[in-house]
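Q: Predicted model follows, preceded by the sequence.
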Amino acid sequence: MPLTETKKETERRMHASLDALKAELKHLRTGRASVGILEGILVEYYGTPTPLNQVANLSTPDATLLLASPFEPSLCPVIEKAIRTSDLGLNPSSDGKVVRIPVPQPTEERRKEIVKKAHGFAEHAKVEIRHHRHEGNDAIKKEAKASGISADDEKRALDEVQKMTDKNVAEVDHVLKTKEAEVLAR
């Protein structure tokens, strides 16, 4: 694989790690109702675990309430149980037609737990990005040996991969800082 393709593939993988971090952080509750926090919840639907948004319409009528309107009213208790057993700390209630999910403001202790979890996700993303750098560097060195690329070109390519790594790690820090401010804001 030519050096430019190796660099592009390394950058693509780094961006994928960053996107995965952003998706993980979306699930963390900040005190404002958002259907994004329910994305990872699976509901038993005819014996098959199915994403909640595929068995119900999800909406946010106001900043402190989520509504799940199941396509089949018999799913209300199942949806309620799935939300209650998730680690979101939410307590849904149902009237047989709609599941109401109040989103209370998290306590100071819960906010700190959420921030700690966010830091864990960010650290994992940084480790992935560094791993992609390592793989990219190995591929560049291998390509340099195989095709006789000059030492200057090899060094330039390795420097570019390092700059990509630094840029993506800085972006992880920025995303984390933004989420932390959002969680800790009252």
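A: Received, thanks.
Q: Can you give the distance from the longest helix anywhere in the chain to the centre of its chain?
A: In the chain, with assignment by DSSP state H, the single longest helix is helix 108-147. Mean-position distance between helix 108-147 and its chain equals 14 Å (Cα atoms, centre = their mean, to the nearest Å).
Q: packing partners for that helix?
A: helix 3-26, helix 151-184 (3 or more Cβ pairs under 8 Å, 6 or more residues apart in numbering; DSSP states H and E). For every residue, glycine as well, the C-beta is placed using N, CA and C.
Q: could you give the angle of the first one to helix 151-184?
A: It stands for helix 3-26. Between the axes of helix 3-26 and helix 151-184, defined by axes from the mean of the first three to the mean of the last three Cα atoms, to 10 degrees, the angle is 10 degrees.
Q: Need the mean per-residue confidence for helix 3-26.
A: Taken as a whole, helix 3-26 has a mean pLDDT of 90.
Q: Same check on the last one?
A: In this model, helix 151-184 has an average pLDDT of 92.
Q: Tell me which other helices or strands that helix touches.
A: So helix 151-184, by 3+ Cβ pairs under 8 Å, 6+ apart, packs with helix 3-26, helix 108-147.
Q: Export only the CA atoms of the first one, formatted as PDB.
A: Read that as helix 3-26. Extracted in PDB, the C-alpha atoms of helix 3-26 (Å, rounded to 0.1, in the frame of the first residue of the first chain):
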ATOM      1  CA  LEU A   3       2.300   5.800   1.800                       C
ATOM      2  CA  THR A   4      -0.500   8.200   1.000                       C
ATOM      3  CA  GLU A   5      -3.100   5.400   1.300                       C
ATOM      4  CA  THR A   6      -1.500   4.200   4.500                       C
ATOM      5  CA  LYS A   7      -1.800   7.800   5.900                       C
ATOM      6  CA  LYS A   8      -5.400   8.100   4.700                       C
ATOM      7  CA  GLU A   9      -6.400   4.700   6.300                       C
ATOM      8  CA  THR A  10      -4.700   5.700   9.600                       C
ATOM      9  CA  GLU A  11      -6.500   9.000   9.600                       C
ATOM     10  CA  ARG A  12      -9.800   7.300   8.800                       C
ATOM     11  CA  ARG A  13      -9.400   4.900  11.700                       C
ATOM     12  CA  MET A  14      -8.500   7.800  14.100                       C
ATOM     13  CA  HIS A  15     -11.700   9.600  13.000                       C
ATOM     14  CA  ALA A  16     -13.700   6.400  13.500                       C
ATOM     15  CA  SER A  17     -12.400   6.300  17.100                       C
ATOM     16  CA  LEU A  18     -13.300   9.900  17.700                       C
ATOM     17  CA  ASP A  19     -16.800   9.300  16.200                       C
ATOM     18  CA  ALA A  20     -17.300   6.300  18.500                       C
ATOM     19  CA  LEU A  21     -16.400   8.500  21.500                       C
ATOM     20  CA  LYS A  22     -18.900  11.100  20.500                       C
ATOM     21  CA  ALA A  23     -21.600   8.400  20.200                       C
ATOM     22  CA  GLU A  24     -20.700   7.000  23.600                       C
ATOM     23  CA  LEU A  25     -20.900  10.500  25.200                       C
ATOM     24  CA  LYS A  26     -24.300  11.000  23.700                       C
END
